[in-house]
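[1] Return a 3D structure for these sequence lines:
(4 chains)
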Protein chains: 2
Amino acid sequence: MDEPTGLRERKKQRTREAISNAAIALFFEHGFDQVSISRIAQVAEVSRRTLFAYFPAKEDLVLHRIADHETESARIVRDHPGAPLAALRAHFMDGLDRRDPITGLCDVPAAVALYRLIMGTPSLAAGMLRYRGSSEVALAEALRERAPELTARLAAAQIMAVQWRLAEDNQQLIADGTSADDAYPAAVDAARQGFELLSKGLESILGTD
Amino acid sequence: MDEPTGLRERKKQRTREAISNAAIALFFEHGFDQVSISRIAQVAEVSRRTLFAYFPAKEDLVLHRIADHETESARIVRDHPGAPLAALRAHFMDGLDRRDPITGLCDVPAAVALYRLIMGTPSLAAGMLRYRGSSEVALAEALRERAPELTARLAAAQIMAVQWRLAEDNQQLIADGTSADDAYPAAVDAARQGFELLSKGLESILGTD
DNA sequence: GTGCAAAAGTAGACTTAGTGCAATATAGCA
DNA sequence: TGCTATATTGCACTAAGTCTACTTTTGCAC
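    From the prediction side, this is the model:
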């Protein structure tokens, strides 16, 4: 599954990474808007036109790095026969333990810089939101096998909303300089409360009627 | 509060609307990407440069029409002394009754066309998501006076997620040709269930542990 | 190895969004 | 009537992204 054709594919992969690496490095140094496509192509030793063959838009040079986890929650639900909410909760908690970037609790410099880059660049932040939308759709799809259509869509919306809120809060803390280890206890508490709200509802806190 | 200075302000307002109207009409007819800024400026009888003085980006020509309700949920919470969730629920239900566009249950042709335009244009849809993010922030702010910081943020995320899911589902139905009156009963049921899930939680449906 | 078809890469012109600047026109007011 | 602030304009400029035609490279058959 690694070399369907061989040399040609491997070379394409290397070119793709060369372009991406050059782009990210330049973005880190000068900022997204201060680096032109031409400059990236020049550093990656590729023509401008070739760059666009690999990445259809400038934003993709950054966002392709995250666009691989969008079906993660859906996969968790599908892979676990038991209660979906419990499985998602356990997976998130495990992610915090492993300092998985997807939980926001990762202070590896490259990840922090990437987060800062994205959040500090409106067009990249917008791409992030689109990606969040895809995650919700995928999760709803997975939940459809466990609950009625409407419930699945509503639940998916709520669940992804909470997971993103938790991850964003963690990332913000880390971006502000807190180490992952220092942030860990509070992150676990927050996650506990987030999933508690999901399962038990908001009634006891915000009332209902 | 209507004429702080007078003529000058009124004229600006008229120019702004002339530009916006020209833009929307052209977009409806040819599609967002098929209409250039120059063409819009020409139809609105304004210079290209002036157009950009009123709308900093092409997307704003469309999105400014929706960008006024982003603090609506927050306002509802602030204006009601009682249980926030009940107030939001009542407001949404009332919105369905009134066929308020914000609930998605509005089949006025112009509103339907606007929805189709936005959803069919990636950059506009992205703007919509940003707007949704602002709503969440505003709601969290309002809830902060009724609940602890973290709870407020998590609850706001869940609530806006559900409201948007409901509104989007309604809009989709209308965009597919269903009349608002025909869609109403199902929309009410969906809203009932959405707010039920918010207040009671997902435990009974998706389990927890 | 040689040659050939397909895929990858290149060059350069073109369209359009958005900005900077300097010049002009106009509303509000003395 | 003239002064000032603000609105408007024209023009040149940068940069993203597309189009087309051309050249190089790769995989493969012989």
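[2] From here on, just use CA atoms for contacts and neighbour counts.
    Will do.
[3] Give me the buried stretch members for whichever strand or helix holds A:Arg39, please.
    Per DSSP states H and E: A:Arg39 is located in helix A:37-43. If you call a residue buried by 16 or more other Cα atoms under 10 Å in any protein chain shown, then helix A:37-43 has these buried ones: A:Ile37, A:Ile40, A:Ala41, A:Val43.
[4] Return only those of these found close to DNA strand D.
    Of the residues in those, proximity to DNA strand D by Cα under 7 Å from any atom of the strand holds for A:Ile37.
[5] ok, back up a step: how far out from the middle of the chain is the helix or strand that the helix holding A:Arg39 is followed by?
    Elements were assigned by DSSP H and E; along the chain past helix A:37-43, the next helix or strand is helix A:48-54. Computed by Cα atoms, centre = their mean, to the nearest Å, the chain-centroid distance of helix A:48-54 equals 25 Å.
[6] who's in contact with the helix or strand that comes right after helix A:48-54?
    Where DSSP H and E defines the elements, the next helix or strand beyond helix A:48-54 is helix A:60-63. With Cα atoms under 8 Å, 6 or more residues apart in numbering or on different chains as the test, helix A:60-63 has contacts from A:Ser20, A:Ala23, A:Ile24, A:Phe55, A:Leu124, A:Gly127, A:Met128.
[7] Any idea which residue of chain A lies closest to chain B?
    Nearest to chain B in chain A, going by Cα to the nearest Cα, is A:Gly201, at a distance of 3.5 Å.
[8] Now do the same contact list for that residue.
    B:Leu197, B:Leu198, B:Ser199, B:Lys200, B:Gly201, B:Leu202.
[9] redo that, cut-off 6 Å
    Applying Cα atoms under 6 Å, 6 or more residues apart in numbering or on different chains, we find A:Gly201 in contact with B:Leu198, B:Ser199, B:Lys200, B:Gly201.
[10] What is the nearest of those residues to chain A?
    B:Gly201 (3.5 Å).
[11] Could you give the backbone dihedrals for the closest one?
    Phi and psi for B:Gly201, reported as degrees, to the nearest 10, are phi 90, psi 170.
[12] Look up the pLDDT of it for me, please.
    In this prediction, B:Gly201 carries a pLDDT score of 94.
[13] what's the answer for A:Ala186, then?
    98.
[14] Report the inter-axis angle for the host helix or strand of it versus helix B:180-200.
    Assigned by DSSP H and E, A:Ala186 belongs to helix A:180-200. Counting by axes from the mean of the first three to the mean of the last three Cα atoms, to 10 degrees, helix A:180-200 lies at 120 degrees to helix B:180-200.
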